[in-house]
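Undergrad: 3D, please:
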Amino acid sequence: MQIITKEEIRLRKEEIKDKILDGEVFIHPTDTIYGLGCDATNTKAVKKIREIKQRPDTPFSVMAPSVEWIRENCVITKEAEKWLEKLPGPYTFILKTKKKAVSDLVAPGMSSLGVRLPAHWIADFINWVGVPIITTSANLVDKPYMTSTDDLSEEVSSHVSFVLYEGEKQGRPSKLVHLDGAEVKIRER
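TA: So this is what the prediction gives:
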């Protein structure tokens, strides 16, 4: 596993983009905590994250390349539009999808998708890469969230190609905002 600092990312962004588009699994920072990620359109890569997380069918969220991508691929109600105005931010919106924009393994059997647009430089990087990226906490179920490389477990790190690292994070997971039903439901994690 290779650790790539924020400063190195600028110098190696083409290489990193190629790795992501080739289906490599990696760890990335957000405005909240570190996440485990891959190209959400690459079924083989998403399957690998499912195996690492030991979560065969729990839906994953994605970091969208842009608000435009969210509008193009998700159903945006008047209420959802109000929430989109809060982006970027520490939210994961659960929205009904209009069309298949990610691998079927991202949210198996569901007609909704969790989407994020973090208030963080990683959002600009993902916009530049041009594909949605899986974002699920970089830990196993019921284990502490990764806030630095010191608490990255061997069970996760042994399956990851690289870590985009910017030092210790002090955040908490994003708020879940369900906008796919008749009423808005907000859940802290």
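
Undergrad: Dump the helix or strand encompassing E8 to CSV, keeping only the CA atoms.
TA: Per DSSP states H and E, E8 falls inside helix 6-21. What follows is helix 6-21, C-alpha atoms only, in CSV (Å, rounded to 0.1, in the frame of the first residue of the first chain):
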residue,chain,number,x,y,z
LYS,A,6,-1.8,15.9,-0.6
GLU,A,7,1.2,17.7,-2.0
GLU,A,8,2.2,14.6,-4.1
ILE,A,9,-1.3,14.3,-5.5
ARG,A,10,-0.9,17.5,-7.5
LEU,A,11,2.3,16.1,-9.1
ARG,A,12,0.8,12.7,-9.7
LYS,A,13,-2.8,13.4,-10.5
GLU,A,14,-2.8,11.8,-14.0
GLU,A,15,-1.2,8.6,-12.5
ILE,A,16,-3.8,8.5,-9.7
LYS,A,17,-6.7,9.1,-12.1
ASP,A,18,-5.4,6.2,-14.3
LYS,A,19,-5.3,3.9,-11.2
ILE,A,20,-8.8,4.8,-10.3
LEU,A,21,-10.2,4.3,-13.8
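
Undergrad: In its sheet, which strands sit next to the lowest-mean-pLDDT helix or strand in the chain, and in what direction?
TA: Within the chain, no helix or strand scores below strand 185-187, which has a mean of 84 by mean pLDDT, DSSP states H and E. Applying DSSP bridges to the sheet, strand 185-187 is found paired with strand 175-178 (antiparallel).

Undergrad: what does the partner strand rub up against?
TA: With C-beta atoms under 8 Å, 6 or more residues apart in numbering as the test, strand 175-178 has contacts from 83, 90-94, 114, 184-189. For the C-beta atoms, the positions are set from N, CA and C on the backbone; glycine is no exception.
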